[in-house]
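Engineer: Give the three-dimensional model of this entry:
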Amino acid sequence: MPARYALYFAPPDGSDLATFGQRWLGRDAVTGEPLVQPTVPGLTTGRVHALTAFSRRYGFHGTLKAPFALAPGVDRAALVARLACFAADQPTFTLPTLTVAPPDPFITLVPCAPCPAIDRLAAACVEAFDDLRASMTAADRQRRKTTDLSPRQQAYLERWGYPYVFDEFHFHLTLAGPVDDPTERDCLHAAAVDRSAAVCRDPVPVTSLCLFEQPDTDTPFRLTHRVMLGTAETPS
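Structural biologist: Coordinates of the predicted model:
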């Protein structure tokens, strides 16, 4: 598999939100360092590690443009240069306070109110970098194949390489999942509510855009490049 790249929101390294997310997932996406995860009543340490494995692979983040390989003739330098130009034109804004969403197969942090600014940024990321994205392969289609996609989501997948874009986009930061067992899900959800309470008290400034990279299938994503957004502030 060729290297993959993704554009994510990630809270500033060292911030309370970043520290919470990194420790919860058990890995620092900047350094790659493993971290001791918090205990979750009702679950063993090994089970917590297993249930957060999928999210840990990607690092603590909110997706803006989902992972993609580069198109033929496009190199990393071109992507980084495009990112710098794009970010300079984007206003900073503030997300509403976060909350732990009701448990479904995934445990996530979501804004407690609609935030058109994050929706606009995600849509702009999807469109502005699409010409750098390689077309989906048969393996990509097989990996994404699911009967759960609506016709609209399926159309988005074929056109943009990801089904949850534009009106199907819902910003979130994933903490665990998929968790199929209801008891395990409830344990994780309760622990996430408790552990995240301190970082869910204040709105979240969005001042940068992050490039995450995965060099090969066996390697987790790392945050390799953070670009500050433009300075013009607009209402969220």
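
Engineer: Please count neighbours and contacts with C-alpha atoms only from this point.
Structural biologist: Fine.

Engineer: residue ranges with poor pLDDT in the chain?
Structural biologist: Residues of the chain meeting the criterion pLDDT under 70: 145-147, 231-236.

Engineer: let's see 50
Structural biologist: For the chain, the stretches flagged by pLDDT under 50 are 232-236.

Engineer: what are the ranges of the strands in it?
Structural biologist: 4-9, 62-68, 93-95, 98-100, 107-111, 173-176, 204-206, 208-214, 222-228 (DSSP state E).

Engineer: Could you point out which of those strands sits nearest F129?
Structural biologist: Of all those, strand 62-68 sits nearest to F129, with 8.5 Å by CA to CA.

Engineer: Surely A176 is in contact with H49?
Structural biologist: No: checked against CA atoms under 8 Å, the pair A176 and H49 is beyond contact range at 9.5 Å.

Engineer: Pick out whichever of those two has more residues nearby.
Structural biologist: Taking neighbours as other CA atoms under 10 Å, A176 and H49 compare with A176 leading, 25 against 19.

Engineer: I'd like to know how far the nearest residue to that one once chain neighbours are set aside sits from P105.
Structural biologist: Closest residue in space to A176, ignoring its immediate chain neighbours: T52 at 4.5 Å, by CA to CA, 6 or more residues apart in numbering. Distance, T52 to P105, using CA to CA, to the nearest Å: 12 Å.

Engineer: Give me the common contacts of the two.
Structural biologist: G177 (CA atoms under 8 Å, 6 or more residues apart in numbering).

Engineer: More neighbours: which of the two?
Structural biologist: Between T52 and P105, counted using other CA under 10 Å, T52 has the larger neighbour count: 23 against 14.

Engineer: Contact partners for that one?
Structural biologist: For T52, the contact set (CA under 8 Å, 6+ apart) comprises L25, L175, A176, G177.
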